[in-house]
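Q: give me a 3D structure for the following:
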Amino acid sequence: MARLFGTDGVRGIANEELTPLLAMQLGMAGAHVLTKEKSHKPTIMVGCDTRISGDMLANALMAGVCSVGANAVYVGVVPTPAVAYLTRKYKVDAGVVISASHNPVEFNGIKFFDENGYKLPDAMEDEIEELIRSDMKGVKFPTGSGVGKIKYRTDAREEYINHAICSVNVNLSGVKIVVDCAEGAAHYTSVEALKELGAEVIAIHNNPDGININANCGSTHMEELQARVVYEHADLGLAFDGDADRLLAVDENGKVVNGDEIMAIIGNHMKEQGKLKEDMIVVTVMSNLGFMLMAKEKGINVVQTKVGDRYVLESMQELKANLGGEQSGHIIFLDDNTTGDGLLSALHLLEVMVQTGKKMSELASIMEVLPQALVNAKVPTHKKNDYMEYPEIATAIAKLTEQFAGEGRVLIRPSGTEPLVRVMIEGKNQELIQEEALKLAKLIEKTML
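A: Numbers count the residues shown, from 1 in each chain. Reported below is the predicted structural model:
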């Protein structure tokens, strides 16, 4: 049977794969595993993004939490990094986010944080999963006064805004910003934070209705933001995803500034100020070769991990680095928070812009983005990790690897959160790598049906 947890918690189509029953079981098992060593009555904080299934799943999960004798604090719609921060601030025993991040509305997900605001290690997720598969063997279900209760807090998002503002000392007076909130959790926090710091904010896609989250907007659909930045003569654009843990930007000319470029801009600035610990940035194998060349030129050490911001974080902790992230825009500032944080990323990027007096296009020129082609092959979920077991696929990958050796690279990996195998080719000729990536993706789809 396939593992329940992916690279970012449990993810699936709400009410079909991720059912209220499974959410309740995750609440039971998660509360038990995360708090079984506690001598007091434990408390778990729960937040969600704006998708319509959030209430259903959050309430089912909290029912599970209460059934094993733990209390729940429900903070409603807040960004994922807000739950990580608030879990630490209020000294609760764990945090849970109900969100499917950048995925369409029909999906949802459940991810856990420990008492320090960190995502759980694989071993702890396996323990939660084993409890569910064993039908909660060994878990006690109290009665009477032993049952947990739910407390509702409406002030939590203000606490998160204050934390972000206090973490980055920047005055945004005179800066004009177009902000795409993805109809998600950033629709209030990011807009208010930027306004409080003095920016002129033009907010788009900030009217969530439960079903429009990520719909042709946000960090996965940048076209409207690009056009709007140019039309408004704005200094830059900021694009969040549904749960606001990632950020991409747009320069004053409407050109996308991706996560690699954002880390290059901020990391180089931090190094110049003596704030980049170990002179190191931790990235994943998906980061562009141009980032590596920039780092070498600037004397920045780069460490690569497998894909997933949790693996970036683990490496950052081990190596005592304070900056790391993904090309997709998950960027971790470990001095400020324990997970990818779109708002903090935006404020740190704006801080560089204000302090240097440079336009975003000039800042982004610190690195050359070499051509990359990324094509998704849709495959059955239970087969996505087995693509190398098919001889025709393995042979095709070997041939491509040989073809691009020395002037590019080929990276094939299963998605941690979706029924996809991702094909990425990097090289000098955009048309060629796109053609080869499409060809391989079609072969994978056809072979693995």
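Q: can you tell me the average pLDDT over stretch 224-236?
A: Throughout stretch 224-236, pLDDT has a mean value of 98.
Q: need the contact partners of it.
A: Stretch 224-236 is contacted from outside by 175-178, 180, 202, 204-205, 216-217, 237, 239, 249-257, 350, 353, 359-360, using C-beta atoms under 8 Å, 6 or more residues apart in numbering. Placement of C-beta: from N, CA and C, glycine included.
Q: only the buried subset of those, as a ChimeraX command please.
A: With 16 or more other C-beta atoms under 10 Å as the burial test, the buried ones among those are selected in ChimeraX as follows:
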select :175,176,177,178,180,202,204,205,217,237,239,249,250,251,252,254,255,256,257,350,353,360
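Q: which of the contacts of stretch 224-236 fall in strands?
A: 176-178, 180, 202, 204, 237, 239, 249-250, 256-257 (DSSP state E).
Q: okay, those residues in CSV with distance to Q430 next?
A: Formatted as CSV, those follow (distance: C-beta to C-beta, whole Å):
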residue, distance to Q430
K176, 32
I177, 30
V178, 28
D180, 26
I202, 32
I204, 29
G237, 24
A239, 23
A249, 22
V250, 21
V256, 15
V257, 19
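Q: of all the residues you listed, which comes closest to E159?
A: The nearest member of these to E159, counting by C-beta to C-beta, is I177 at 23.1 Å.
Q: what about that closest one, distance to E106?
A: 31 Å (C-beta to C-beta, to the nearest Å).
Q: and if you look at A203?
A: Using C-beta to C-beta, A203 is found at 25 Å from E106.
Q: which one of the two is surrounded by more residues?
A: The residue with more neighbours, out of A203 and E106, is A203; 19 against 16, by other C-beta atoms under 10 Å.
Q: can you show me the helices along this protein?
A: 20-35, 54-67, 80-89, 122-133, 156-167, 186-196, 223-232, 259-272, 289-298, 309-319, 342-356, 360-364, 391-403, 430-448 (DSSP state H).
Q: neighbouring contacts of the second one?
A: If you take C-beta under 8 Å, 6+ apart as the criterion, helix 54-67 is touched by 14-15, 18, 20-21, 23-31, 44, 46, 48, 71-72, 74, 77, 96, 98-99, 108, 110, 141, 147-150.
Q: what's the worst-scoring helix or strand of the chain on mean pLDDT packed up against?
A: Within the chain, no helix or strand scores below strand 409-414, which has a mean of 90 by mean pLDDT, DSSP states H and E. Using 3 or more C-beta pairs under 8 Å, 6 or more residues apart in numbering; DSSP states H and E, the elements in contact with strand 409-414 are helix 391-403, strand 420-426.
Q: show me which of the contacts of helix 54-67 are buried.
A: Looks like those have 14, 18, 20, 23-31, 44, 46, 48, 71-72, 74, 77, 96, 98-99, 108, 110, 148 buried, using 16+ other C-beta under 10 Å.
Q: which single one of the ones in strands among the contacts of stretch 224-236 is nearest to D8?
A: Nearest to D8 out of the ones in strands among the contacts of stretch 224-236 is A239 (C-beta to C-beta; 18.9 Å).
Q: who's in contact with that closest one?
A: By C-beta under 8 Å, 6+ apart, the residues touching A239 are 180, 182, 218-219, 222, 225, 247-250, 329.
Q: neighbour-wise, which of these leads?
A: Neighbour max across the contacts of A239 (other C-beta under 10 Å) = A182, 34 neighbours.
Q: so what's that one closest to, chain neighbours aside?
A: Spatial nearest neighbour of A182, chain neighbours left out: G218 (2.7 Å); criterion: C-beta to C-beta, 6 or more residues apart in numbering.
Q: how much space between T80 and F113?
A: Taking C-beta to C-beta as the measure, T80 falls 9 Å from F113.
Q: ok, now which ones touch the closest residue to Q25 other than its chain neighbours?
A: Ranked by C-beta to C-beta, 6+ apart and with sequence neighbours excluded, the top spatial neighbour of Q25 is I132, at 4.8 Å. Contact partners of I132, counting by C-beta under 8 Å, 6+ apart, are 4, 22, 25-26, 29.
Q: how close does V105 get to A14?
A: Distance of V105 to A14, computed by C-beta to C-beta: 9 Å.
Q: distance check, the closest residue to P208 other than its chain neighbours against L26.
A: Leaving aside its sequence neighbours, P208 sits nearest to T50 (C-beta to C-beta, 6+ apart; 3.8 Å). Computed as C-beta to C-beta, the T50 to L26 distance reads 21 Å.
Q: mutual contacts of V105 and A14, please.
A: In terms of C-beta under 8 Å, 6+ apart, V105 and A14 are both contacted by the residues 51, 53.
Q: first-to-last residue distance for stretch 177-187?
A: Using C-alpha to C-alpha, to the nearest Å, the end-to-end distance of stretch 177-187 comes to 14 Å.
Q: can you say which of the helices of the chain is packed in most?
A: helix 80-89 (a mean of 26; mean count of other C-beta atoms under 10 Å).
Q: so what's the closest residue to K151 other than its chain neighbours up against?
A: Sequence neighbours aside, V73 is the residue nearest to K151 in space, at 5.0 Å (criterion: C-beta to C-beta, 6+ apart). Applying C-beta under 8 Å, 6+ apart to V73 gives the contacts 43-46, 90, 92, 150-153.
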